[in-house]
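Novice: Sequence and computational prediction follow.
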Amino acid sequence: MLKDFKPDYTRLVQAARNEQTEGIPLYEHHINLKVIASILSRDLGQMYNSQDSGKLEEMFGLIAQFHIDHGYDCYSFEGCLTELVQGGKGLTGQAGSIINNMNDFREYPWDQIVDDYFKHFDIYFKAIRATLPEGMKIVGGVGNGIFESIQDFVPFTNLAYLEIDDPELFATLWMKVGETLYTIWDRFLSSYSDILAIGRFGDDLGFKSAPLLNPQTIKEHILPQYKNIVSLVQSRGIPFLLHSCGCIFDVMDDIIQITGIDAKHSNEDAIAPFSRWVDEYGDKIGNFGGFDMDVICRESPENIRKYVHDIVVPLLGKKGLAFGSGNQIANYVPPENFQAMVEEVRLIRGF
């Protein structure tokens, strides 16, 4: 029988700091609103898009209670810069480059985008603050990461050409996107650090067999920008979690040593079992995730329970762990499979 659950965000903070926790915390990078709405039988999408403070407070109140009911100490929310660039269409290959030369770069309204960010997202962060229950905070803050953000200005293929054709613009663009994100993070922390348990952005640096960029490019252009933001968040006494998909073992040691992240999330069984991440990096950083999203999507609830049990139990007693999907609970994840995953973790931990 499960004990009564009360959220305690410090449990997840301890895991992020690679400390021992009292009971293993649950963590999700994102639970799609459609999954939550299906379980609650409420139209959360309409509330999210309303730009109405009352409806947003109602929505975030429902989201917070949903997470408490499922045993979470925190829920995740990022206000993503790409929403103000090309709406993510450059990042996802649905739009072309908006910065093709140095003149485009100089004419882009970099200062305006910072103000526009808060004009757009303040209402969301304020609604979160107004509805956070006692003991609960959020994980997230300002998204996306540097690599994902730059791709909404210059999509991936164009970025690869740019590195060769105009290395000066290539280097300058990394610096400017990093500086812009730093400025947004600084302003965000000045206004909303009280609602933040763990700072985080998502920046998928790899695919199934290797990093998406030359490791030297990552080390030279991306990691110094990470370090600036990670250090800024940590200066507020808040740990930092990097979400990064793909096979990034070639750059993991550099990520840890150069940026100083506290924890990392994302894993896929086709790349490596979660236990490998724990074995290789568990003495340095916290490790979040564990359960392959493909398994959570495709298997029966009964098989998911066994799969979760077989991953969690051998890792009991290790520090710096928080369990959940290795990616996110997307809109196509069957709600009953998500609930089977969560329930098995809660049965193992006892609350």
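Specialist: Thanks, I have the structure now.

Novice: Every contact and neighbour count from this point should use C-alpha atoms.
Specialist: Will do.

Novice: List the residues that contact F351.
Specialist: Neighbour list for F351: L2, K3, D4, F5, G71 [criterion: CA atoms under 8 Å, 6 or more residues apart in numbering].

Novice: so where's this protein uncertain?
Specialist: 1 (pLDDT under 70).

Novice: where do the strands sit along it?
Specialist: 74-80, 137-143, 196-202, 240-243, 263-265, 286-291, 321-325 (DSSP state E).

Novice: what would those look like in CSV with mean neighbour count and distance to S149?
Specialist: Formatted as CSV, these follow (neighbours: other CA atoms under 10 Å; distance: least, CA to CA, whole Å):
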stretch, mean neighbour count, distance to S149
strand 74-80, 23, 9
strand 137-143, 24, 8
strand 196-202, 26, 10
strand 240-243, 25, 14
strand 263-265, 26, 19
strand 286-291, 28, 23
strand 321-325, 27, 24
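
Novice: Format those strands as CSV; extra columns: distance to K126.
Specialist: Shown next, in CSV, are the strands of the chain (distance: least, CA to CA, whole Å):
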stretch, distance to K126
strand 74-80, 12
strand 137-143, 12
strand 196-202, 12
strand 240-243, 22
strand 263-265, 27
strand 286-291, 27
strand 321-325, 27
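
Novice: To F249, which of the ones you listed lies closest?
Specialist: strand 263-265 (12.1 Å; CA to CA).

Novice: elements contacting that closest one?
Specialist: Identification of packing neighbours for strand 263-265 by 3 or more CA pairs under 8 Å, 6 or more residues apart in numbering; DSSP states H and E yields strand 240-243, strand 286-291.

Novice: hey, C-alpha coordinates of stretch 278-286 in PDB?
Specialist: Output of stretch 278-286 as PDB, limited to C-alpha atoms (Å, rounded to 0.1, in the frame of the first residue of the first chain):
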ATOM      1  CA  VAL A 278      25.000   5.600 -14.300                       C
ATOM      2  CA  ASP A 279      28.100   3.400 -14.400                       C
ATOM      3  CA  GLU A 280      30.200   5.900 -16.400                       C
ATOM      4  CA  TYR A 281      29.100   9.200 -15.000                       C
ATOM      5  CA  GLY A 282      27.300   8.500 -11.700                       C
ATOM      6  CA  ASP A 283      30.400   9.500  -9.700                       C
ATOM      7  CA  LYS A 284      30.300  12.900 -11.400                       C
ATOM      8  CA  ILE A 285      26.700  14.000 -12.100                       C
ATOM      9  CA  GLY A 286      23.100  13.000 -11.400                       C
END
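
Novice: What residues of that stretch count as buried?
Specialist: For stretch 278-286, the neighbour count (16 or more other CA atoms under 10 Å) marks V278, Y281, G282, K284, I285, G286 as buried.

Novice: hang on, the first one packs against G289?
Specialist: This points to V278. No - V278 is beyond contact range of G289, at 10.4 Å (criterion: CA atoms under 8 Å).

Novice: List the buried residues for the longest helix along the chain?
Specialist: For the chain, the longest helix by residue count, based on DSSP state H, is helix 167-192. The neighbour-count check on helix 167-192 (16+ other CA under 10 Å) flags 169-171, 173-182, 184-186, 188-189, 192 as buried.

Novice: quick revisit: how about TSV for the helices and strands packed on strand 263-265, with distance to F125 added?
Specialist: What follows is those, written out as TSV (distance: least, CA to CA, whole Å):
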stretch	distance to F125
strand 240-243	19
strand 286-291	24
